[in-house]
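*Asks:* From the sequence below, what's the structure:
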Amino acid sequence: MLESCPGYEFRTFDLHDVGCINALYYEEYGENYPYPLQPDRAALSALSTVAVCRGTVVGFARATPYAGNPKIFEFGGLIVQEAHRHRKVAKALTMRRMAAVVTAGATMVFSEPVCNRPDRASQFNLLDRGFTLCGILPFKYPEIKTSVLGHQPETVAMAYRQLDTPSRAPHPPLMVPEEIRNHLQVLTHRSQPRLSDSYALTGTMPDVITHKHLITRHQTGSMFVDVPANWAQSPTMIQSFLRQGYLFAGWLPSFGTTSYGQPFDYVTLYRPPLTDFDYSLIHVTDGLQALQRLMADEYERYTCPAGQHDLIGLHPVPPC
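*Replies:* Numbers count the residues shown, from 1 in each chain. Have a look, this model is predicted:
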């Protein structure tokens, strides 16, 4: 049932809304906000929703296809003008775009709730809507909330919600090196991954997906890779990235499908810029706090090696 929100109208995003939506971003993040909605890409947002109060757009929530998979959609860009917060507008926007992607045939939704706010409102909004948190993407978006984060790019959490009924066929366990197992085992949600040293998918392992780092005038974000994680070759592939200076970020369950219809998982790794960032500026809900502590310790060794050269491979780091 859709959330009732007296005084507000909710409707499908329209191209004419682009200017009003970007004005909300600039008001929230400053006139140099580097990720405004682009009119030439707006057609991808046909499932997105705006909130209107007295004829003015006061909120927006985007829904777009995720990574070329027509059955997975990504929720992003959620913003509500400050004067209209705490009135269930964000909840209503999320429920309406959820209804839209279900009608479009989505089997899963992915989202990246921000981590710059101590109240963790974006994360709780998704958890209340049935999402599961499955990782942390550190230092991904440069030039966000610089008044709070300074020179540190914004960190986001990883969240997903399965919309279809999972197949009765057994899902393959993850095949990961020992260095990654502790990270996966502290993901304390209900769908903690199964780990194995023996059972693996057969056939050709799909390609690794690379996400280039984002660069703005003053900041550089982290690099990310998604490594298929259910093949016998997966541990060796993951270890090769660890030697290049990548660190664990999260787990994407059933985000891939083989040519014969078998769902498979990815492990997401990140390589941060060689800068001393502050993990205490990252605010996550209880289910991710153990993972955050583990990642913070690992990041500290990354930036202050003190003999930990094996952790970062061949990439030099600044002295402590």
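*Asks:* Only C-alpha atoms from now on, for both contacts and neighbour counts.
*Replies:* Will do.
*Asks:* which residues of the stretch 151-300 of the chain fall in helices?
*Replies:* 178-185, 234-243, 286-303 (DSSP state H, counting those that start in this stretch).
*Asks:* Mean pLDDT and distance to residue 140 added to those helices, as CSV?
*Replies:* Listed next are the helices of the stretch 151-300 of the chain as CSV, based on pLDDT from 0 to 100; distance: least, Cα to Cα, whole Å:
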stretch, mean pLDDT, distance to residue 140
helix 178-185, 90, 19
helix 234-243, 96, 18
helix 286-303, 94, 15
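*Asks:* between those, which one is nearest to residue 207?
*Replies:* helix 234-243 (10.5 Å; Cα to Cα).
*Asks:* Residue 247 and residue 300: what is the separation?
*Replies:* 11 Å (Cα to Cα, to the nearest Å).
*Asks:* Surely residue 270 is in contact with residue 223?
*Replies:* Yes: contact criterion Cα atoms under 8 Å: residue 270 and residue 223 qualify, at 5.5 Å.
*Asks:* and these two? which has more neighbours close in?
*Replies:* residue 270 (25 against 20; other Cα atoms under 10 Å).
*Asks:* Spatially, what comes nearest to that one if we skip its sequence neighbours?
*Replies:* Closest residue in space to residue 270, ignoring its immediate chain neighbours: residue 224 at 4.4 Å, by Cα to Cα, 6 or more residues apart in numbering.
*Asks:* and if you look at residue 281?
*Replies:* That would be residue 116: by Cα to Cα, 6+ apart, it lies 6.6 Å from residue 281.
*Asks:* Is that neighbour in contact with residue 282, as I believe?
*Replies:* Yes: using Cα under 8 Å, residue 116 is in contact with residue 282, at 6.0 Å.
*Asks:* Could you pull out the residues contacting both of those two?
*Replies:* Each of residue 155 lies in contact with both residue 116 and residue 282 under the rule Cα atoms under 8 Å, 6 or more residues apart in numbering.
*Asks:* Out of the helices of the stretch 151-300 of the chain, which is closest to residue 76?
*Replies:* helix 286-303 (20.0 Å).
*Asks:* Off-centre distance for the closest one?
*Replies:* Relative to the centre of its chain, helix 286-303 is centred 17 Å away, using Cα atoms, centre = their mean, to the nearest Å.
*Asks:* Packing partners of it?
*Replies:* Helices and strands touching helix 286-303, by 3 or more Cα pairs under 8 Å, 6 or more residues apart in numbering; DSSP states H and E, are strand 132-141, strand 247-257, helix 309-312.
*Asks:* Does anything pack onto the first one? Which helices or strands?
*Replies:* Packing contacts for strand 132-141, counted by 3+ Cα pairs under 8 Å, 6+ apart, involve strand 154-162, strand 247-257, helix 286-303.
*Asks:* mind listing what the most far-flung residue of the chain relative to its centre touches?
*Replies:* Here the chain reaches farthest from its C-alpha mean at residue 54, the gap being 33.3 Å by Cα atoms, centre = their mean. Residues counted as contacts of residue 54 (Cα under 8 Å, 6+ apart) are 7, 8.
*Asks:* and it, what pLDDT?
*Replies:* At residue 54, the model reports a pLDDT of 94.
*Asks:* hang on, residue 138 packs against residue 152?
*Replies:* No: in this structure, residue 138 is not within contact of residue 152 by Cα under 8 Å, at 9.8 Å.
*Asks:* quick one, which of these two is more surrounded?
*Replies:* More crowded of residue 138 and residue 152, by other Cα under 10 Å: residue 138, with 29 against 25.
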